[in-house]
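J.: Let's see this in three dimensions:
(chains A and B)
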Protein chains: 2
Amino acid sequence: MTPDARLDEVLKRLDDQLPDALERLKALLRIPSISTDPAHAGDCRRAAEWLVADLASIGFEARLVETPGHPMVVAHGPRGAGRRVLFYGHYDVQPVDPLSLWDRPPFEPEVEETPRGRVIRGRGASDDKGQLMTFVEAFRAWREVHGALPEGVSILLEGEEESGSPSLDAFLAAHREELSLDLAAICDTALHSDGRPAITTQLRGLVGEEIVLRAADRDLHSGMFGGLAANPLQVLANALASIKDAEGRVTLPGFYDAVPEIPDALRADWDALGFDAGEFLGAVGLNHPVGERGRTGLEMMWARPTFEINGLSGGYTGEGFKTVLPAEARAKVSFRLTGQQAPDAIRAAFRARIREHLPADCTVEFHPHGGSPAGHMDTSDPAFALARGALTEEWGREAAFVGSGGSIPIAGAFQEVLGMDSLLIGFARDDDRIHSPNEKYDLESFHKGARSWARVIAALRG
Amino acid sequence: MTPDARLDEVLKRLDDQLPDALERLKALLRIPSISTDPAHAGDCRRAAEWLVADLASIGFEARLVETPGHPMVVAHGPRGAGRRVLFYGHYDVQPVDPLSLWDRPPFEPEVEETPRGRVIRGRGASDDKGQLMTFVEAFRAWREVHGALPEGVSILLEGEEESGSPSLDAFLAAHREELSLDLAAICDTALHSDGRPAITTQLRGLVGEEIVLRAADRDLHSGMFGGLAANPLQVLANALASIKDAEGRVTLPGFYDAVPEIPDALRADWDALGFDAGEFLGAVGLNHPVGERGRTGLEMMWARPTFEINGLSGGYTGEGFKTVLPAEARAKVSFRLTGQQAPDAIRAAFRARIREHLPADCTVEFHPHGGSPAGHMDTSDPAFALARGALTEEWGREAAFVGSGGSIPIAGAFQEVLGMDSLLIGFARDDDRIHSPNEKYDLESFHKGARSWARVIAALRG
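T.: The predicted structure follows:
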């Protein structure tokens, strides 16, 4: 059989075995592996163990590796002589609140018919369990047809991606030799917004931070103390309102120093994607891009840094009303970074700004939640053109090189710690509601995703 | 027996029966009558019924009067020919969260020994069940000594004071004839901060407001949408930060137009109280008065309006981190009013300011939570001097005419709807932790409070 005929055989097997593949995905989705919530630590381990067993069953040397947090899954196929690729995904998922907005229990996944095709719905269906199972299913079919796994393939599955990857850097450093291969393949990104296949070649970085402001040693009655005692909620509002100006620009000193304008060629590529910010926002009930004036929508999302408040709490928030001056106020905030912005410097500038707003009676505590620089891939590596060709063939549309507004810290860590670039290929869609209630993954994404990986593996093997 | 001898007899009876009085107060405190929480509606009714039964047992014609919210307790003693006084208190209490900060269950009251004397601890001990029971116990002892209740006494006990008194105005209007007496006596205020007895002759008003801001029709991932989509938390922070300037002054147009400077005589009285703002704040772990520059501490609390944020919520507030752009953000805020500030005008100016900050994609909902103007009593009525004398006698210290930073909307309602001023006399202390965990009421306040009312009643009867 020629390599082409064998590939056809692998693709046919993926077609025939889709129902079985869906049952496997549902089994994984039923495990509520919410990494940020300590109450779900056991579930994270269970998900990792499930994956070790599944990878072992298709011929990988698979094992669970302990970390101070949730365990890593590491697996190796036969080594061979050619290019070696480390496939990456993460088995942890986001919290599910507000639970009341889910149409079905988030950890009881089912296939649903929708006007836009069949989907599998549940937390992690798209981010990232459905995505990581696309390459696992491609390996499974490959092995069944070839009698062996493709040579040079290794796998790393993380359990802390949704909670800032606290154990990642130390883990990679400790396993540098084992994991420094020729290239990584990361399946945690989306198709372009019009459904075109895409390879993400640049990513924004992330700085996450939690702030706790405290004033009086107890909650106070605003009738008695209002106007005299410091109110942490007001201090918090003032401080957070100062981070951006009326033009949508971040006002921290030096914030834009390491943010380059994008090259003209890349700007032309992005303009050619025909992205319509109004249409993109329209899908979530919005119409008007905010953010820095004079920037295109894709530029704002992919190439410009931003500051966002992700959570605020303090005082009385229940039914009715309570005229309290609370002792404490909390915020969770994050920056998305681009260019060469240094996470530590941005974090320090932010903390300094908050401190400037503190009245004498307020104290502040900062809790860091992850920090990673932006990532840029070297697309002159032939693997990028080969993968682009394979994707174009599977989807019948020219694959695009795109940016991502999200942060995939693993890509930066692979560059920094392991010295390798990443092929960022994923099949999520903008309407997958990742991190939101009613998350889903299209069956087309799951099925053509697995077929895409079979083609990419075949192309990289030449 | 002379009137003086009879009064001594009443006071002695209050001394002797203190243990029984405490058991009655504890029974009332065990009823969790949290008016702002619909889940406790039945408990509010239970508290009202308990009070009707107790008042009937000491000779009042007592009844429960339905309202659209929680019921009112109305009771009348024998009419007589002299001055008629309507005694007011409220049987509802504040919510108890955060429950974890209570040293004992909030609705299982007990007497505790503390370094500063014996206290009864539990939600409502001070605000306002302990206080309202001071006049009930005075009437009980009076009747036992005199064989009859004092003439001209009526009682009104409200069940919605802690939730903005939504039913009050309509209730008073419907019972105008029955309740328009010569004077009110309200027991819901504190001793002066140095423990001196006090009659509150001016009160700040209140405007409470809840804001709900909405943008996208779902929570968004900040990696995908950050920098492009409107963030309701940021809009909320910006809008709330704009309400006050760096000098602590409210920036709403015309806000101070109806706020007079206090008369020189009153300023001299207040200065003579020797109030030390630093010491006052020190009791709650603070040191530095904030608020408008160039104002004394008492002025800020009693005679200057203020704006306070009472609650903020939105986005991810659980353990760990979630890079969400939330669909919704909420705030509860309040203004304290002074002078002739009109609640409706202040509310309208606030709403206009919030709307100015809304980007095109944001909507806002406003929910009013009570509005009442500031109150000023006519202290030339001889009742004020008589009551002052009675308090001075009981406490052995000159009673003071003071202001209050809190809002007791009932005093304004009595003026507006029933056309009568109020004697605002209460025995709470600054460290009672009202509205906070571990609320308490000093046994001295409870006992001497009841004795004070016996003396006031005797003085007013001449």
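
J.: Where does the spatially closest residue to A:Ala138 that is not a sequence neighbour fall, secondary structure wise?
T.: Leaving out its chain neighbours, the residue that sits closest to A:Ala138 by C-beta to C-beta, 6 or more residues apart in numbering or on different chains is A:Trp453, at 3.7 Å. Glycine gets a C-beta too; all of them are placed from N, C-alpha and C. Using DSSP states H and E, the element containing A:Trp453 is helix A:443-461.

J.: could you give me the average pLDDT of that helix?
T.: For helix A:443-461, the mean pLDDT works out to 97.

J.: helices and strands around it, which ones?
T.: Counting by 3 or more C-beta pairs under 8 Å, 6 or more residues apart in numbering or on different chains; DSSP states H and E, the packing neighbours recorded for helix A:443-461 are helix A:3-16, helix A:18-29, strand A:117-121, helix A:129-146, helix A:382-395, strand A:422-425.

J.: give me the low-pLDDT residue ranges for chain A?
T.: Scanning chain A for pLDDT under 70 picks out nothing.

J.: Pick the most deeply packed of the helices and strands packed on helix A:443-461.
T.: Greatest average neighbour count among those goes to strand A:422-425 (a mean of 26), per mean count of other C-beta atoms under 10 Å in any protein chain shown.

J.: near chain B, anything from that one?
T.: No: using C-beta under 8 Å from any C-beta of the partner chain, strand A:422-425 stays clear of chain B, coming no nearer than 12.9 Å.

J.: Adjacent strands (with direction) for that strand?
T.: The strands beside strand A:422-425 in its sheet (DSSP bridges) come out as strand A:183-186 (parallel), strand A:198-203 (antiparallel).

J.: Name the residues of the stretch 351-462 of chain A found near chain B, please.
T.: Residues of the stretch 351-462 of chain A lying near chain B by C-beta under 8 Å from any C-beta: A:359-361, A:369-370, A:404-407, A:430, A:433-437.

J.: Tell me the one among the residues you listed nearest to A:Asp4.
T.: Within these, the smallest distance to A:Asp4 is 32.4 Å, found for A:Ser404 (C-beta to C-beta).

J.: Pick out the residue of the stretch 1-150 of chain A closest to chain B.
T.: In the stretch 1-150 of chain A, the residue that lies nearest chain B is A:Thr36 (2.8 Å; C-beta to the nearest C-beta).

J.: right, and that residue touches A:His435 too?
T.: No: applying C-beta atoms under 8 Å, one finds A:Thr36 not in contact with A:His435, separated by 11.4 Å.

J.: Mutual contacts of these two, please.
T.: A:94, B:322 (C-beta atoms under 8 Å, 6 or more residues apart in numbering or on different chains).

J.: out of these two, which sits in the more crowded spot?
T.: More crowded of A:Thr36 and A:His435, by other C-beta atoms under 10 Å in any protein chain shown: A:His435, with 26 against 20.

J.: so who does that one touch?
T.: A:His435 is in contact with A:94, A:127, B:219-221, B:322-324, counting by C-beta under 8 Å, 6+ apart.

J.: go on, A:Thr200?
T.: Neighbouring residues of A:Thr200 by C-beta under 8 Å, 6+ apart: A:189, A:402-404, A:424-426.

J.: what's the burial count for A:Asp430?
T.: Per other C-beta under 10 Å, the neighbour tally for A:Asp430 reads 18.

J.: in a helix, that's where it is, yeah?
T.: No: going by DSSP: H, G, I helix; E, B strand; the rest coil, the assignment for A:Asp430 is coil, not a helix.

J.: measure the residue lying closest to A:Arg123 once chain neighbours are set aside to B:Ile425 for me?
T.: In this structure, A:Arg123 finds its nearest non-sequential neighbour in A:Pro106, 4.0 Å apart by C-beta to C-beta, 6+ apart. To B:Ile425, A:Pro106 is 57 Å away according to C-beta to C-beta, to the nearest Å.

J.: just checking, A:Gly406 is part of a helix?
T.: No: assigned with three-state DSSP, A:Gly406 falls outside any helix and is coil.

J.: The residue nearest to it when sequence neighbours are not counted: neighbour count?
T.: The shortest distance from A:Gly406 to any non-neighbouring residue, by C-beta to C-beta, 6+ apart, is to B:Gly223 (2.6 Å). Using other C-beta under 10 Å, B:Gly223 is surrounded by 22 other residues.

J.: Does B:Gly223 lie in a helix or a strand, and which?
T.: helix B:222-225.

J.: for A:Leu86, same thing?
T.: Using DSSP H and E, the element containing A:Leu86 is strand A:85-90.

J.: what about the helix or strand following that strand, distance to the chain center?
T.: Per DSSP H and E, strand A:85-90 leads on to strand A:110-114 as the next helix or strand towards the C-terminus. How far strand A:110-114 lies from its chain's middle: 24 Å, per C-alpha atoms, centre = their mean, to the nearest Å.

J.: Name the strands paired with strand A:110-114 and say parallel or antiparallel.
T.: Assessed with DSSP bridges, strand A:110-114 is paired to strand A:117-121 (antiparallel).

J.: So which residue is dead centre in chain A?
T.: A:Ile408 (5.2 Å; C-alpha atoms, centre = their mean).

J.: That one against A:Gln415, yeah?
T.: No: applying C-beta under 8 Å as the test, A:Ile408 and A:Gln415 come out as separate, 11.3 Å apart.

J.: got any residues that touch both of the two?
T.: Here A:Ile408 and A:Gln415 share the contacting residues A:Gly375, scored by C-beta under 8 Å, 6+ apart.

J.: All the strands of the stretch 301-450 of chain A, residue numbers only.
T.: A:306-315, A:324-325, A:328-337, A:363-372, A:375-376, A:400-404, A:422-425, A:440-442 (DSSP state E, counting those that start in this stretch).

J.: With respect to burial, which of those strands scores highest?
T.: Mean neighbour count (mean count of other C-beta under 10 Å) peaks for strand A:324-325 among these, with a mean of 29.

J.: Any chance you could list what contacts it?
T.: Strand A:324-325 has contacts (C-beta under 8 Å, 6+ apart) with A:215-216, A:219-222, A:225-226, A:229, A:231, A:315-316, B:308, B:310-311, B:435-436.

J.: Listing partners with orientation, what would you give for that strand?
T.: Sheet partners assigned to strand A:324-325 using DSSP bridges are listed as strand A:220-221 (antiparallel).

J.: Contacts for stretch A:235-255, please.
T.: Stretch A:235-255 is touched from outside by A:211, A:213, A:215, A:256, A:290-293, A:305-307, A:309, A:312, A:314, A:329-331, A:333, A:335, A:341, A:345-346, A:349-350, A:353-354, A:356-359, A:362, B:234, B:236-238, B:240-242, B:309, B:312, with contacts defined as C-beta under 8 Å, 6+ apart.

J.: Return the residues in contact with the residue of chain A most remote from its centre.
T.: Centroid-distance maximum for chain A: A:Met224 at 47.3 Å, with C-alpha atoms, centre = their mean. Going by C-beta under 8 Å, 6+ apart, A:Met224 touches B:190, B:301, B:405-406, B:430, B:434.
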